[in-house]
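Trainee: Starting from these lines, generate the structure:
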Amino acid sequence: MELYTAFSSEVKVNEETIEGLQAVEYNRANTRRHIGAIGTDERVGVYYGITVVQGRLSVASANKTLDGLLDSREPFSVIATLRHGKTTRTLSFDECHMEDKGFDMAIEGHGRTVYAFTATRLREE
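Mentor: Coordinates of the predicted model:
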């Protein structure tokens, strides 16, 4: 079993460590189409299309670097290094584009900004 802790993990955007990071989330999905046989309702095959990678970075209050990427529309990279003890896993998100950001703040809490991005590919090592 691989167990990672937020305390010892880190996320970098264009080699800059994101301070105040509260959460990193991602989803990688393969699009697919079902191929049906003529004259029957059964599937005879599956055609796989593109891989879609989406991610979210939740940051305490806000982050000027991430805000700048949303405004500039420039591509960027995200590298998440997940750690616990001697166990390490690296997630590399290539050719990312910022999609949107949202902000929330609850009573007696602090602000949190969630930055959503897409990536051309995800490499897991």
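Trainee: For the rest of this, base every contact and every neighbour count on C-alpha atoms.
Mentor: Will do.
Trainee: measure Tyr26 to Phe93 for me?
Mentor: Per Cα to Cα, to the nearest Å, Tyr26 is found 10 Å from Phe93.
Trainee: what about these two, which has more around it?
Mentor: Phe93 (24 against 14; other Cα atoms under 10 Å).
Trainee: In terms of helices and strands, where is that one?
Mentor: strand 87-104 (DSSP states H and E).
Trainee: buried ones in that strand?
Mentor: 90, 92-94, 96-98, 101 (16 or more other Cα atoms under 10 Å).
Trainee: Redo those residues as CSV? Include distance to Lys12.
Mentor: Supplementary listing: the buried residues of strand 87-104 in CSV, determined by distance: Cα to Cα, whole Å:
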residue, distance to Lys12
Thr90, 11
Ser92, 10
Phe93, 10
Asp94, 12
Cys96, 13
His97, 15
Met98, 15
Lys101, 18
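Trainee: pull the helix or strand with minimum mean pLDDT from this structure.
Mentor: Ranking every helix and strand in the chain by mean pLDDT, DSSP states H and E puts strand 5-13 at the bottom, with a mean of 92.
Trainee: Show me what whatever helix or strand comes next after it is in contact with.
Mentor: Downstream of strand 5-13, the first helix or strand assigned by DSSP H and E is strand 16-17. Outside of strand 16-17, the residues within contact range by Cα atoms under 8 Å, 6 or more residues apart in numbering are 10-11.
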